[in-house]
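need coordinates for the below:
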Amino acid sequence: MTGAVNAADLLRTQSDRVGELPCLRCGEGEWLSYAELDDLSSRTAAGLVSLGVEPGNRVVILAANSTEMAECVFAISKVGAVQVPLNTYLRGSFLNHQLADSGAKVAIVDVHGLASLRRLGPECPIERIVLIGPSDPDPMVTALSELRQASDPLPPRSARRGDLAAIMYTSGTTGPAKGCMVPNGMFTETASVFGSAGWFVPGDRVLTTSPLFHMGCQSGMLMAALANDAALCVLDHFSASGFMPFARAIDATVIYGVGAAAVAILGQPASPSDPDNQLRCALWVPLPGDRADEFERRFDVPTRSAAYGQTECISISLSSISEALPHGCAGRPNDLVEVSVFDDQDRELGPGQSGEIVVRPSRPNFMYQGYWNRPEASVKAVRGLWHHTGDLGRLDEDGRLWITDRKVDALRRRGENVSSTELEAVIRRYPGVREVAVHGVPSEMSEQDIKACICLNGDQTPPSTQDLFDFFRRELPYFAIPRYVEFLEELPVNAIGRVRKDVLRERPHSVATWDFEQLGYSVVRDERR
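Residues are numbered from 1 along each chain as shown. The predicted structure is shown next:
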């Protein structure tokens, strides 16, 4: 089903068409039907209106995967407000920046999200809170179950594909995270891309490890599954040993997640029952080709890892289920975008030539509308009407896209983008730190681990590993905590004083490099929020 104006329209239409079919589930919970999700989200939308939420208002969501979180996504759409889903692991200045930048006054949170807001103290700009969970005595907090009881009917709202639907924050390199302005059409149009590629077909049961606060899960999984008459099961946490048995238990036909999850699953002991499943395809992005082959052989399921997108344009290229592309390829550009490769002077390069990947929509409202409160960054990113991705790659003679490197100094770990600038700013707050530079280190789990190269003040002795890790755990999202730390006398710089991170990346670890993982330091799942 395509042609929906926004997420609310998509759910209403599907509720009318296939209302009794299973639609959504979280972990061990029960399946909600399309009709049940539509009814719940309508009642929640009416409750938000009773709190004073109006079209265009920003509403923060700070909650782990649950059917209630998805309900709130659709409810915000029905009001005509703008959802601002935040990474549940944000802490301190990382969290406060995105709250303040969005201008939101209302937040929908779970119990852990409520605790995160309260830790901010008087700096927290949120005025009203909807709690996914038990009642709370705080007068500014309303339980979601109570909010659903609003008696006033939901006022009719008109919506257009080009209206702002969400602000999705993405980590940058030259400053704090920027909010991508996502129009309604970017949620609904993506469905045709994944349907055409065979990622979803009617009757599928899709199991994903991805968080709903990501554009990839909301648009590429939730909306795409619903639009293609499929059912989606989201997990609130990932278990390497439990994921495949759970997929078998719910008769999943499609599994999706980041490549690191697949690597962790492959690290579990093999079992004769591994091929015993109902899977039609496995989608792990990104995943080295040899590991994709290993997963396909072990679980007897076509495994695809060729896909490329950003929050700014969630689907730039991908592979169809019917086509096994060469390892390392990022797929073919989809029909809703034009993709090219430019040199440093923004001149188009020919097939096989490497440069910066640029993209623009071939249909309105399939891409972001710029960065919230960042007009200069928006103009810089969309020079000549092409969005400059910051990734280096090439298009081959057959029109396939290949990613070769990052042009800008971003970090990506465990499926999350990490701003080097934000991370360095936090580490500089540690007593005695004079300078710091962070960079990516290849990881056996795919993507990167993070290394922090730290220079201390002249009279400062290095801290203990326990003290520094405790600081990281307190001040940083768990996924942004450096695995490696090395103390240096000076950082390498160029003629104008800019740190040479290319030099740091080429340096091998020294005997003095701390490896927190080897030293036994980690943030267990229950402490991540």
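
in a helix, residue 373, correct?
No - using DSSP: H, G, I helix; E, B strand; the rest coil, the secondary structure at residue 373 is coil, not a helix.

host element of the closest residue in space to it that isn't next to it in sequence?
Among residues not flanking residue 373 along the chain, residue 101 sits closest, at 6.2 Å (CB to CB, 6 or more residues apart in numbering). In this view, the C-beta of every residue, glycine as well, is placed from N, C-alpha and C. Using DSSP states H and E, residue 101 sits within helix 92-102.

and the contacts of the next helix or strand after that helix?
Next along the chain after helix 92-102, taking DSSP H and E as the criterion, comes strand 106-110. Strand 106-110 is contacted from outside by 48, 51, 53, 57, 59-64, 66, 69, 72, 99, 113, 116-117, 126-133, 144, using CB atoms under 8 Å, 6 or more residues apart in numbering.

check stretch 280-297 too.
So stretch 280-297 is contacted by 198-199, 201, 204, 253-259, 261-263, 265-266, 299, 301-307, 321, 327-328, 446-447 (CB under 8 Å, 6+ apart).

okay, now the nearest residue to residue 383 once chain neighbours are set aside: neighbour count?
Nearest non-adjacent residue to residue 383, counting by CB to CB, 6+ apart: residue 346, 6.2 Å away. By the criterion of other CB atoms under 10 Å, residue 346 has 13 neighbours.

so residue 346, which of the three states?
Going by three-state DSSP: residue 346 is coil.

am I right that it is in contact with residue 385?
No - checked against CB atoms under 8 Å, the pair residue 346 and residue 385 is beyond contact range at 10.9 Å.

which neighbouring elements make contact with the longest helix along the chain?
In the chain, with assignment by DSSP state H, the single longest helix is helix 34-50. Under the contact criterion of 3 or more CB pairs under 8 Å, 6 or more residues apart in numbering; DSSP states H and E, helix 34-50 touches helix 7-18, strand 22-26, helix 67-79, helix 144-147.

what sits up against the helix or strand hosting residue 113?
Using DSSP H and E, residue 113 maps to helix 111-119. Contacts with helix 111-119, where a contact means CB under 8 Å, 6+ apart, come from 62-64, 88, 90-92, 95, 107, 109, 124, 126, 129, 131-134, 136, 141, 529.

buried only: go through these for me.
62-64, 88, 90-92, 95, 107, 109, 124, 126, 129, 131-133, 141, 529 (16 or more other CB atoms under 10 Å).

which residues of the stretch 301-450 of the chain fall in strands?
303-304, 307-310, 313-318, 332-333, 337-342, 355-361, 387-395, 401-406, 411-413, 416-418, 433-442, 448-456 (DSSP state E, counting those that start in this stretch).

any idea which element residue 233 lies in?
Assigned by DSSP H and E, residue 233 falls in strand 231-234.

next structured bit after that strand?
Following strand 231-234 toward the C-terminus (DSSP H and E): helix 243-249.

pull up the pairing partners for whatever helix or strand comes next after that following helix, direction included.
Using DSSP H and E, the next helix or strand after helix 243-249 towards the C-terminus is strand 254-257. Strand 254-257 has its sheet partners listed here by DSSP bridges as strand 205-208 (parallel), strand 281-284 (parallel).

give me the distance between the last one and the centre of its chain.
In terms of CA atoms, centre = their mean, to the nearest Å, the centre of strand 281-284 is set 17 Å apart from its chain centre.

quick test: name the residue nearest the centre of the chain.
residue 214 (3.1 Å; CA atoms, centre = their mean).

re earlier: which of the helices and strands packed on helix 34-50 sits closest to residue 158?
helix 7-18 (10.7 Å; CB to CB).

just checking, what packs against the closest one?
helix 34-50, helix 67-79, helix 184-188, helix 224-227.

how about that helix: buried residues?
Those would be 7, 8, 9, 10, 11, 12, 13, 14, 15, 18, for helix 7-18 by 16+ other CB under 10 Å.

separation between the fourth one and residue 24?
Residue 10 sits at a distance of 13 Å from residue 24 (criterion: CB to CB, to the nearest Å).

so what's the residue nearest to residue 181 when sequence neighbours are not counted up against?
Excluding the flanking residues, the one nearest residue 181 by CB to CB, 6+ apart is residue 369, at 4.2 Å. Residue 369 makes contact with 162, 164, 181, 182, 183, according to CB under 8 Å, 6+ apart.

hang on, residue 150 packs against residue 50?
Yes - look at residue 150 against residue 50 with CB under 8 Å: they come within range, at 4.4 Å.

okay, the two: which has more neighbours?
residue 150 (17 against 14).

confidence score at the more buried one?
What the model reports for residue 150 is a pLDDT of 81.

what are the phi and psi values for it?
phi -50, psi 130 (degrees, to the nearest 10).

against residue 79, how distant is it?
12 Å.

now residue 452
43 Å.

so for these two, which sits in the more crowded spot?
Neighbours per residue (other CB under 10 Å) separate residue 452 from residue 79, with residue 79 holding more: 26 against 23.

check contacts around the more buried one.
Counting by CB under 8 Å, 6+ apart, the residues that residue 79 touches are 45, 48, 49, 53, 54, 55, 154, 157.

residue 329 now?
306, 319, 400, 401, 402.

which stretches of the stretch 51-200 of the chain have low pLDDT?
Scanning the stretch 51-200 of the chain for pLDDT under 70 picks out the ranges 172-175.

rerun at 80
The stretch 51-200 of the chain contains residues with pLDDT under 80 at 151, 155-158, 171-175.

nearest spatial neighbour of residue 182, skipping sequence neighbours?
residue 166 (4.2 Å).

isn't there a strand covering that neighbour?
Yes - assigned with three-state DSSP, residue 166 falls within a strand.

distance of it relative to residue 394?
Residue 166 is 32 Å from residue 394, by CB to CB.

can I get the helices and strands packed on helix 34-50 in JSON lines with distance to residue 279?
Formatted as JSON lines, the helices and strands packed on helix 34-50 follow (distance: least, CB to CB, whole Å):
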{"stretch": "helix 7-18", "distance to residue 279": "23"}
{"stretch": "strand 22-26", "distance to residue 279": "17"}
{"stretch": "helix 67-79", "distance to residue 279": "23"}
{"stretch": "helix 144-147", "distance to residue 279": "34"}
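
to residue 505, which of these lies closest?
That would be, of the helices and strands packed on helix 34-50 and by CB to CB, helix 67-79, which comes in at 37.6 Å.

what's next to whichever helix or strand comes after the closest one, contact-wise?
For helix 67-79, the following helix or strand on the C-terminal side (DSSP H and E) is strand 82-85. If you take CB under 8 Å, 6+ apart as the criterion, strand 82-85 is touched by 56-61, 72-73, 76-77, 98, 102, 104, 164-169, 179, 212-214, 218.

recalculate using a threshold of 7 Å.
56-61, 73, 76, 102, 104, 164-168, 212-213 (CB atoms under 7 Å, 6 or more residues apart in numbering).

coming back round to it: and the buried ones among the contacts of residue 369, selectable in PyMOL?
Entered in PyMOL, the line below selects the buried ones among the contacts of residue 369, by 16+ other CB under 10 Å:
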select buried, resi 164+181+182+183
